[in-house]
Each structure stands twice: as C-alpha cells, then as structure tokens.
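K.L.:
any chance you could fold what I've pasted below:
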Amino acid sequence: MLRNYFKIAFRNLRRNKVFSGINVFGLAVGLASCLLLFIYISHELSYDNFHSNADRIVRVVMEYSMEGQVSRVPQTGTKVAPEFGRQFPEVESGVRMESRPAVVSYEDRRFSEKRVVYADSALFSIFSFPLKQGNPKTVLAGPNLVVLSESTAKKYFGSQNPVGKTVRINAGGGDKEYAVTGVVDDCPSHSQIQYDLLASFTSLSASKEEQWWSANYATYLLLRKPESIATLQAKIPGFMKTQFGPNGMTGGNYLTYSLEPLRQVHLHSDVEGSFEPNGDLLYIYIFGSVAVLILVIACVNYINLATSRAVERAQEVGVRKVMGAQRTQLFGQFMGESLLVTFMALLVGLLLVYLSLPFFNDLSGRSFSFEVLMRPASGAGLVGVGGLVSLVAGGYPALVLARFEPVRVLKGHLKTAGAGQFRRVLIVFQFAITAFLIVCTLLVRNQLSYIHDKKLGYSKEHVLVLPADQQVNEKIRALKSEFKQNADVKQVARAYESPVFINGGYSMHRVGMPDDQYKSVTALPVDEDFVKTMNLRIVAGRDLTANDFQRATVPGVDSLTYYHFILNESAVKELGWKSPQEAIGQKMDMGYGRRGEVGAVVEDFHFASMKQKISSLVLFPEDGGHVVLVKLSGSRLPGTLQFLEEKWKTIVSGRPFEYEFLDEEFDKLYSAEARTGKIFTVFASLSVLLACLGLFGLSAYTTAQRTKEIGIRKVLGASVPSIVLLLSKDFLKLVVAAIVLASPLAWWAMNRWLQDFAYRVDVTGWVFVIAALIAVGIAFLTVSFQSIKAALMNPVKSLKTD
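P.N.:
The predicted structure is shown next:
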C-alpha cells in the first residue's frame, strides 16, 4: 500500500510541476536556512564540552571595589592559583595563563605569532588538549620550554621531528631560546583557550613572585567535585578579608573572586573572554528564532498551496470514497505526498547547504564543515526534522481533503470558505514574520551605521598600528626620525595600547582626598606625541612635551620623577573638580612612585565599546609600549607603506613588518554586531523570497480560478489597471494587516537588543514606514505579475475556457 501511495503521489507532483516546484524549492530553502543556523548555534553551545573535566573546571574572575566603583575583570594576579590550592581542600589543581604576541625564530626564518600562551605545567592535566608527542607531566615543567601545535610544527620544521629542537621567542622581553618538548593537536574552534604555541609559565619573571594584584593572568581551577563550586565560592570572600592588613582595604573597598563554570563562560559570562571574545546568548535566541520562522514560512507556503488546490482534488477524493476508500487511507495518501515533497526538499536543502557553506563561513566568521551534518546523530536529527516538517506542512491539507463528503463533492456542492479564511490567516502570519525581520534588519544596520559614523573624539582614519617589543622600544627615536622623512607621515607616537580599546586599570589619588582613598580609573601610558597623533582636543592646559616625558622617566631615581597627567572630562568630574580649568595644576598620585599634577584636560573620547559609557581616563608619560601609531596623509598609500617597511627592516631587523589600520581595529570591536547585521540581511531576504514565492503560487492559482470573471469584466469595459487592482487588493490588505501586527513585536525586540548599547539610535516610526513600503511593494510586484498577465488576456479566449 505504501508503494501505491508514493506512486500516486509522484504522478500527482509530476502533473502539477509549477506548484510542486514551488513547494519543493520553498521547503528546500527553508530547511537549508534552518540547517545553516543550526550549525552555527550548535557550535556556540558546544564550547569547551570536549574537556573530560569540564564539569570540574572553573574560571576565576577578579572583583574589586575602590570608593564604590566595582570592577570585574577576567585576569587575576599570580597568587590566586597556588594560594587557593594550599588553602582550600576543594581545589585539586590550578593553572595560570597569559597570551602574548611574539616573534618566533628558527634558523634564519622569523614568524610573527599572535597566540603564544604561557601556562603552568598543570595545563595538560586540567584540560583535554591531546599531546601527539611529549609527556603531559613534563613538557611545561621548567623554564624556557615550549609545545607547538601540529600546524605550527609543520610550518617551522616540515616533516622533521620538532621535539628536541630549539626556537627563539621574543614576546616583548627580549629573545630567549626555548626547547621544543612536545606537539599538541591544533586548538579546536570551540575552545575558549586559543593557542599556536604553549610556553612554560616559569619562563616569565612574574612566576617568581606571588601577587594578588598586577592582574594580567587568566586563572583556571580544577575542583575535586562538580558540587564543590558552590562550597568554594562561599569561602572566598571571608578568606580574602584576612589577606590585607588594617590599612590595606578600608571602608567599602574590597578584593574578592568569583568562580565561573567553564562551560558557561562563553555564553553566560558578563566578563570579557580571556583569550577570545565571548559569545552572546541573546544572539543564539535570535538566530534560533530566525531559523524557526523561516521554516514556518516555508511550511505555510505548502499549506496554502495545498489547501488552495482542494477544489481540484475534491472529485478525486469523491471518486475514491465512492470506491470504498476510508478516511485514514486518504489521509495516508496525502501525507505520503507531503513526505515525498519534504524529503525531496531535504535533499535539495542539503545540496544548498553544501554549496552555500563557504559563503556562510565568511558571513559568520567561522570555519564550519559540512561533515557535522553527516554524523549519525545529525542524520537521525535530519530524518526527525523531515518527518516533523511533513507532518506540520501536510497534516492540515490532508485532513481537509480526507474529510470531503463524496455525495456533495460529486454534485459540485463544495464550500471552501473556511479553508479560504484559514489561508488568509496564514498569509498574514507569513508576512508578519517577514515584516518583523525587515524591521530588525533595518534597525541593526542603522545602529551599525551610527557607530561607524559617530564622532569618536579622535582620528582613526589613515592611522597605522604597528606592534612594538623591546627591540622596537629601544629604537623608537630612530624609527620616528626615519619615518618622518616621508612627507606623507604626519605624526608618530608610541603607547601601551591603541585608543580603540583601553583597558589598563589603575588607582588615582588627588590632594584633598583621605590618604587611604583611591579612585579606580582607566589609564594609558603614552609618549609626548600621542595627543597630536590621535588629534585629541585639549580643552584646558597644555600637551605633553619631550621635557615632561624625560621628567617622568628618570631611570632608577623615583624621587626625581614628576608626571604631567592628562585627564579626560569624565575624570575631572569623577575627581570632584567643577571645571577642566580648575583641575589644571592640581597634585595627583597614581601609586608606584607616579606623583605629579594635572597638566591638561582633553575632551571625552570613546576608548571602549559604545556599549559602555565614557568613563574616567588618564594619559601619563611612561617609557616603553606595545604599539606604534603612525598618522598618514592617506595619499600615495602603497608607496608610503613600502617606504615604512624599508625603514623598519633597516632599524628593527629582528621583527617582521606588520601593521593594521586603526579603523580596522575599531571595526573588530563590533564584529559580532556586524555579523548579526549581515545574517539578518541574508535571512530576511530569504524570508521575503519565500513569502513571495508562496504568494506568487497562490495568486497564480487564484487568478486562474477567476479567468472567466476577468473576461466578462473586460467585455463590459474594465481597464487593465482596474483588473490588476481588483486581483491585488485582497492580498495587499493582508500584507498591511501583517505589518500592523508585526510592528509592536519588532519594536519591543529591537529596544531589547539596543539596551546593550550606551550610545544608540532611537527606534523611530520611519523604520516601520520603510519596512511597510518594502513589504507592500514586493508583495504588489509579486501579485501584479499574475494580475497583469490575466488582465492582458484576450477576453474571447477567457470566456471559451470553463
């Protein structure tokens, strides 16, 4: 019987090629969209699940309060892991890590590596990074040892065995020789910890001293039991209160730590990632909803087209019932058709996924593989999805067709008003989804445009960012002098970080505050050319000079140092001065011998993501830095870059010439939002395509049913525009109703998304007007194609057709 069902179903599909093609293609696009977003979502949800001890590993987050300002950061001092291991029986082991860019040399070749991670020897006993060569207990158990990832080992040594060989690593503290002790698998893409080389933590000078402060290191703990997390968390605040003397942390000031289960860090943490940006659970919900909504649109197309053709199938049902067919048999017949269409669509959908995966990888910034859908679990899931879609899409049409009464059908007394009303409801629902996605797309793109166009308070155009290390710092004067020989080089400065994202945490004390009180501020060590290079606007005082820089960097004599501090306007307010002019000349102290006075105040500028309000910032002179900033005119750019590279290789021969433009670094801050905007645009376009595809098929069928009516109207003098309007207006009314229903939900959803931004656009009415015009315009074009075609037919031919 099943064979007969499918044979009849196949014949029926072949006989109605247009409607069958619309159904198969529509469901295929919907399923392909759903599968692509499923790949993305499953990847995000799988972060760090591959570690066998994942349920016992926690990340330690540092939390401290200074004068009521609470800060939470993913870095800790060097003391947390060893001290917690000694004090708390819940802790089995701990590991400290720090990621640094470095230049790695082997023989006469140099490689610039951005992911060199220094880690304690317990790394391989805590995490499940499989070693291909080497002993996990000893590969990092000593200074100047390094483990290479498999791809890095091939890059350096080809087919040779790397173990036992020596490489030189310059990670900012001068060249050191490191012995290669092992090879580890390349880091999985769904790991928070990303590496290309793993070096021993004892190679760092910081490993020689245990400190609570100087928070530069990611700390992870392996607990003895998963349930120990809550127990240990309860003990930490009380223990930390005992670690400081009576003058250490007074008043409301405190230092403590919180524990984050490893699997929850990527999507649930409110603290930035230690090695790569966190994901966002909100986007998982958004993309999951988009996937479901697009699939629903495809299913609605099937339901609408199937029920609209009920009249054509009615006589077939009547004859079958007269011949003895039962309702269950008819239901099975029509569900067989639905299964056939769905699984044909699933095969086409898989082909679309395979073909579009490279584009989707570029869109999402990931490297997904089609193999994830070929796993047994995925195969079972695909079959389940296919069955569910066929049931959802084909269940209602099958019930409608199977319950026709044969006597009434064969007499021609078939009423489908209820089905027609249901189809109108489905069209409204379908276009409501489409209108919702269009509004969301417009607002996401509008917010990104706002971020891109907003005045930041500094100049980011035509600014090169060059990485600096010890060798660069030693030659910085010569570099500046040589670079400025080119007329297209306007300014050159050095700083610890670029102004795009400054996260250095410091404490500030000013005269007039109690001696034991400090304010938490963000601060950036710079040289005397930073303000000019970044085109910051000074509102009071004067810029740094070479003399100020020399006074602040007297080598080895802290008593002679004196600092010229530059504050932003927010810092002036935070420290209690009424105006920038009042702050000039006021004495300040940033600790560690950094005493001086406020020499200038600059206009507030955005030195972090626009998700954060501009806070207090201090610029101060200090020798050394991690970046060199080169302001260019922008003309003759290729020639200028070649000139800079030649000078760089002459002066800093030990480091490759690498650069990034500051505006590219700025764009990276909003990479997640940019990806969201692109994904919304693509899938909103797909939803429009699917909705129009269904509307096209439905309007084609409706127009065909009214062929005789159109002929009579033309004979009676009706014009082509009037007939087009007649055939289109009912559909357009439904589209307008859909927009009205979708707008409140879109308004709520986008306001919720925009809450993450301190600086954002307003959700104004024009967005909904534009979305309405787009939806109505596309729907009208879709319907009018069939309407115009029918209106232009010869009425004589139309009246002959009945």
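
K.L.:
now do the helix or strand in which Ser787 is found: distance to the chain's middle.
P.N.:
Secondary structure assignment for Ser787, by DSSP states H and E: helix 765-791. For helix 765-791, the gap between its own C-alpha mean and the chain's C-alpha mean amounts to 33 Å (Cα atoms, centre = their mean, to the nearest Å).

K.L.:
average pLDDT for it?
P.N.:
pLDDT averaged over helix 765-791 equals 80, rounded to a whole number.

K.L.:
looking at it, Arg59 is touching Ser274, isn't it?
P.N.:
Yes. In this structure, Arg59 is within contact of Ser274 by Cβ atoms under 8 Å, at 7.0 Å. Quick note: C-beta positions are derived from backbone N, CA and C, even for glycine.

K.L.:
which residues do those two both contact?
P.N.:
For the pair Arg59 and Ser274, residues contacting each of them under the criterion Cβ atoms under 8 Å, 6 or more residues apart in numbering are 74, 218.

K.L.:
and stretch 205-223, what's buried?
P.N.:
Of the residues in stretch 205-223, those buried by neighbour count under the rule 16 or more other Cβ atoms under 10 Å are 206-207, 212, 215-223.

K.L.:
who does the helix holding Ser787 touch, helix- and strand-wise?
P.N.:
Under the contact criterion of 3 or more Cβ pairs under 8 Å, 6 or more residues apart in numbering; DSSP states H and E, helix 765-791 touches helix 417-453, helix 671-705, helix 707-715, helix 720-754.

K.L.:
ok, which of those comes nearest Gln264?
P.N.:
Ranking the helices and strands packed on helix 765-791 by distance to Gln264, with Cβ to Cβ as the measure, places helix 671-705 first at 18.2 Å.

K.L.:
in that closest one, what counts as buried?
P.N.:
Residues of helix 671-705 classed as buried: 673-684, 686-703 (neighbour count, 16+ other Cβ under 10 Å).

K.L.:
and the average pLDDT for it is what?
P.N.:
Confidence for helix 671-705, expressed as mean pLDDT, is 77.

K.L.:
gap between that helix and the chain center?
P.N.:
Going by Cα atoms, centre = their mean, the spacing between the C-alpha centre of helix 671-705 and its chain's C-alpha centre is 24 Å.

K.L.:
for Gly379, which non-adjacent residue is spatially closest?
P.N.:
Leaving aside its chain neighbours, Gly379 sits nearest to Leu373 (7.8 Å; criterion: Cβ to Cβ, 6 or more residues apart in numbering).

K.L.:
count of residues packed around that neighbour?
P.N.:
By the criterion of other Cβ atoms under 10 Å, Leu373 has 18 neighbours.

K.L.:
does it count as helix, strand or coil?
P.N.:
helix (DSSP: H, G, I helix; E, B strand; the rest coil).

K.L.:
roughly how far does it sit from Glu603?
P.N.:
Applying Cβ to Cβ, to the nearest Å, the value for Leu373 to Glu603 is 53 Å.

K.L.:
what helices or strands is the helix or strand hosting Ala306 leaning on?
P.N.:
Under the criterion of DSSP H and E, Ala306 resides in helix 281-308. Here helix 281-308 is seen to pack against helix 17-45, helix 262-268, helix 376-402, helix 417-453, helix 671-705 when contacts are counted using 3+ Cβ pairs under 8 Å, 6+ apart.

K.L.:
report the buried residues of it.
P.N.:
Of the residues in helix 281-308, those with enough neighbours to count as buried (16+ other Cβ under 10 Å) are 283-284, 286-287, 290-291, 293-308.

K.L.:
pLDDT of that helix, averaged?
P.N.:
Rounded to a whole number, the mean pLDDT of helix 281-308 is 80.

K.L.:
please apply the same query to stretch 243-259.
P.N.:
When the per-residue pLDDT values of stretch 243-259 are averaged, the result is 77.

K.L.:
number of residues surrounding Asn503?
P.N.:
Close neighbours of Asn503, defined as other Cβ under 10 Å, add up to 12.

K.L.:
I figured it hits Gln612, correct?
P.N.:
No. Contact criterion Cβ under 8 Å: Asn503 and Gln612 do not qualify, at 10.6 Å.

K.L.:
so what's Leu619 closest to, chain neighbours aside?
P.N.:
Once flanking residues are discounted, Leu619 sits nearest to Ile566: 4.1 Å by Cβ to Cβ, 6+ apart.

K.L.:
hmm, Tyr670 is touching Leu448, no?
P.N.:
Yes. Taking contacts as Cβ under 8 Å, Tyr670 lies within contact range of Leu448: 6.7 Å.

K.L.:
strands - which of the buried residues of stretch 205-223 land there?
P.N.:
218-223 (DSSP state E).

K.L.:
tell me the one of those nearest Ala608?
P.N.:
Closest approach between these and Ala608, by Cβ to Cβ: Ala218, at 20.1 Å.

K.L.:
where along the stretch 451-600 of the chain do the helices fall?
P.N.:
With DSSP state H, counting those that start in this stretch as the definition, the stretch 451-600 of the chain shows helices at residue ranges 470-474, 476-483, 530-534, 546-552, 569-574, 580-583.

K.L.:
what packs against the fourth one?
P.N.:
What it means is helix 546-552. Helix 546-552 is packed against strand 563-568, strand 617-621, with contacts defined by 3+ Cβ pairs under 8 Å, 6+ apart.

K.L.:
swap in 10 Å and give it another go.
P.N.:
Secondary-structure packing of helix 546-552 (3 or more Cβ pairs under 10 Å, 6 or more residues apart in numbering; DSSP states H and E): strand 563-568, strand 595-602, strand 617-621.

K.L.:
same check on the fifth one?
P.N.:
Judged by 3+ Cβ pairs under 10 Å, 6+ apart, the packing partners of helix 569-574 are strand 519-526, strand 538-541, strand 563-568, helix 580-583, strand 595-602, strand 617-621.

K.L.:
closest to Gly654 out of the ones you listed?
P.N.:
Using Cβ to Cβ, the helices and strands packed on helix 569-574 put strand 519-526 closest to Gly654, at 23.3 Å.

K.L.:
same question for stretch 85-96: list its buried residues.
P.N.:
Neighbour-count burial for stretch 85-96 flags 85, 88, 90-96 (criterion: 16+ other Cβ under 10 Å).

K.L.:
would you mind listing the buried residues in stretch 363-378?
P.N.:
In stretch 363-378, the ones that count as buried by 16+ other Cβ under 10 Å are 363-364, 368, 372-373, 378.

K.L.:
likewise stretch 349-357?
P.N.:
By 16+ other Cβ under 10 Å, the buried positions in stretch 349-357 come out as 349-350, 352-353, 356-357.

K.L.:
what's the span of stretch 485-502 from first residue to last?
P.N.:
Looking at stretch 485-502, the gap from its leading to its trailing residue is 30 Å under the measure Cα to Cα, to the nearest Å.
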